[in-house]
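J.: Dropping the sequence and predicted coords here.
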Amino acid sequence: MKKTLKQTLSKKIEEHRPRTKKLLEEYGDVVVGNVTISQVIGGMRGLKSLVTDISYLDPEEGIRYRGYTLKEVIKSLPKPKGAEMPYVEGLFYLLLTGDFPNQEEVMQVVDEFSKRRIVPRYVYEVIDSFPCCSHPMAIFSTAILTLNRESVFNRQYHAGLSKKDYWEATYEDALNLLAKLPEIASYIYNKLYRQGPRIQSNPHLDMGGNFAHMMGIQNPYDDVSRLHFIIHSDHESGNVSAHTGHLVASSLSDIYLSISAMINGLAGPLHGLANQEVLRWLQEVMDKMGDRVPTEEEMQQFVWDTLNSGQVIPGFGHAVLRKTDPRYMLQREFSLNHLSEDPIFKYADLLYKVVPPILKEHGKAKNPWPNVDAQSGVIQWHYGVTEYDFYTVLFGIGRSIGICANIIWDRALGYPLERPKSITTEMLEKIAGLKDVVETEKH
Ligand code: NMX
Ligand code: MLT
């Protein structure tokens, strides 16, 4: 009998623990890097202060999961019969263990997810009681938060759980939550935008297939969902959502509290909400153009108008990347194969051409190239999900997979409460050698 994911993970954790212990006990004083004033004031850009082995973001190359590029991940993970994109459950296996699962191993995880997918009724009641016009991200975050009473970790912690076993209870919570996210999200979608009878999940389908089924959208929306969840799952640990998840979990808040919090961070327009902003912004051009795709000159003017009014161009730029996001390119490739004739794709294609030179000329953004959010909504729109307020919920399902994997490992390696030190502006001025200036100004 093949080992389960949990058994395989347990072995990996035992093997890894001495590495962290050795670094801490024998090399704890080795300097990793200096911290500059611009990093302290400027959102800690580039400050090496987090550890994760699950993914690494190279500014030029883009993200690697467990050392593999996204192309390699998509090529090497097992796929459902006839599908273009792999099982999302297989990705979870890879993120947790660093190994590509075989067919039998991935089917065990599919089965685990299927068994854990049923959402308690009270969650639906909470969703139903939201006032109208609530943003789907607020509803999604609350629905996840509501599940906190189910936490296995909390129950076991209060019964006296040993620190070395924290990860196992966290693993149970993570699987229980991840299995339910497609159900919760599709319920929110149907409630807000379809008002029809809810489509019940199909226990024989994988995560992506089941999500497409519950959304009531024909294939290849199953592959769209698999691709979307996989490429959004992780982006190393410093981005707002991953960092929030890690930070909240570091106080031993359970998975539900941590993932709900990370969803709130993802819901900001500089982060995940940019995928909704791209479509909202494009709608303005579409409204002006009617049925016509704008000329290059018209689109350039629109981009300049946005910049000149002091707004950012959503879907472009990045805090770490200095090249086109490979997640953008994968979605562009998919779009070229499946929706190249759709006017919405032509709009995105035009932006791909006109925005980078304008941002370069504008001279502010360090990275003028498109990020993941410039293309994801275009694909959703093509398959009928035109309610762009919902797009960040889709990002949130994907991101939860990576963050859950990270939190399980955080617990396994005993990472402590996160607590950096803050200082005052006056202290910074003293460090900068401006002490006298400050004292003079005070008198
Ligand atoms: N349009 C206009 N200005 C921009 C853009 C953009 N797309 N990107 C950066 N800038 C500006 C930025 O606002 C800043 O201006 P100021 O000096 O006046 O504060 C300046 O360029 C330098 O910013 P950077 O160092 O290049 O970028 P930073 O690391 O601060 O921020 C983002 C990164 C992603 C927040 C920024 O590029 C942005 O606002 N992009 C648009 C929103 C977006 O697409 N976010 C999604 C990112 C991916 N995700 O899913 O999270
Ligand atoms: C992400 O996927 O989290 C975004 O690209 C933002 C980031 O990495 O900073």
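T.: Good, I have the coordinates. Ligands and ions are numbered 1, 2, ... in the order given.

J.: Tell me the confidence at the closest residue to ligand 1 within the chain?
T.: Of all residues in the chain, residue 317 sits closest to ligand 1, at 2.2 Å by C-beta to the nearest ligand atom. Placement of C-beta: from N, CA and C, glycine included. You'll see residue 317 listed with a pLDDT of 98.

J.: Could you find the closest non-adjacent residue to it?
T.: Using C-beta to C-beta, 6 or more residues apart in numbering and skipping the chain neighbours, the partner closest in space to residue 317 is residue 365 (4.5 Å).

J.: Pull the number of nearby residues for the one you found.
T.: 18 (other C-beta atoms under 10 Å).

J.: host element of residue 130?
T.: Of the helices and strands defined by DSSP states H and E, none includes residue 130.

J.: For it, give me its contacts.
T.: 138-139, 142 (C-beta atoms under 8 Å, 6 or more residues apart in numbering).

J.: So which of those residues are in helices?
T.: 138-139, 142 (DSSP state H).

J.: Quick check: the gap between residue 195 and ligand 2.
T.: 32 Å (C-beta to the nearest ligand atom, to the nearest Å).

J.: okay, now that residue: neighbour count?
T.: 7.

J.: Same question for residue 342.
T.: Using other C-beta under 10 Å: residue 342 sits among 16 other residues.

J.: In this structure it contacts residue 384, no?
T.: No. The pair residue 342 / residue 384 is not scored as a contact, 11.5 Å apart, by C-beta atoms under 8 Å.

J.: so the residue of the chain closest to ligand 1 sits right up against residue 372, yeah?
T.: No. With contacts counted by C-beta under 8 Å, residue 317 stays clear of residue 372, the gap being 11.7 Å.

J.: neighbour count winner among the two?
T.: Per other C-beta under 10 Å, whichever of residue 317 and residue 372 has more neighbours is residue 372, with 27 against 21.

J.: Got the phi and psi for the more buried one?
T.: phi -50, psi -30 (degrees, to the nearest 10).

J.: Show me what from the stretch 301-443 of the chain comes close to ligand 1.
T.: Counting by C-beta under 6 Å from any ligand atom, the positions of the stretch 301-443 of the chain adjacent to ligand 1 are 307, 312-319, 364-367, 371-373.

J.: mind listing the strands for the protein?
T.: Using DSSP state E, the strands of the chain run over residues 55-58, 62-65, 68-69.

J.: Just name the most buried of these.
T.: strand 62-65 (a mean of 22; mean count of other C-beta atoms under 10 Å).

J.: Could you tell me which strands sit next to that strand in the sheet, and their orientation?
T.: strand 55-58 (antiparallel), strand 68-69 (antiparallel) (DSSP bridges).

J.: hang on, the earlier thing: got CSV for the contacts of residue 130, with pLDDT and neighbour count too?
T.: What follows is the contacts of residue 130, written out as CSV (pLDDT from 0 to 100; neighbours: other C-beta atoms under 10 Å):
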residue, pLDDT, neighbour count
138, 98, 13
139, 98, 21
142, 98, 18
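
J.: Now do the buried residues in stretch 43-59.
T.: 44, 46-47, 50, 52, 54-57 (16 or more other C-beta atoms under 10 Å).

J.: I'd like the distance from that stretch to the chain centre, please.
T.: Distance of stretch 43-59 from the chain centroid (C-alpha atoms, centre = their mean, to the nearest Å) equals 15 Å.

J.: can you give me the mean pLDDT across that stretch?
T.: Averaging pLDDT along stretch 43-59 yields 98.

J.: And the contacts of that stretch?
T.: Outside stretch 43-59, the residues that reach it (C-beta under 8 Å, 6+ apart) are 16, 32-33, 35, 38-39, 63-67, 95, 98, 234-238, 243, 246, 319-323, 402, 405-406, 409, 415, 420.

J.: So which of those residues sit within helices?
T.: 16, 38-39, 95, 243, 246, 402, 405-406, 409.

J.: Pull the most distant pair out of the residues you listed.
T.: 16 and 38 (34.4 Å; C-beta to C-beta).

J.: These two: which is more packed in?
T.: Ranked by neighbour count (other C-beta under 10 Å), residue 16 and residue 38 place residue 16 first, with 15 against 10.

J.: shouldn't that one be in contact with residue 414?
T.: No. Using C-beta under 8 Å, residue 16 makes no contact with residue 414, being 11.2 Å away.

J.: end to end, how far does stretch 64-82 reach?
T.: 26 Å (C-alpha to C-alpha, to the nearest Å).

J.: Fine by me, we can end here.
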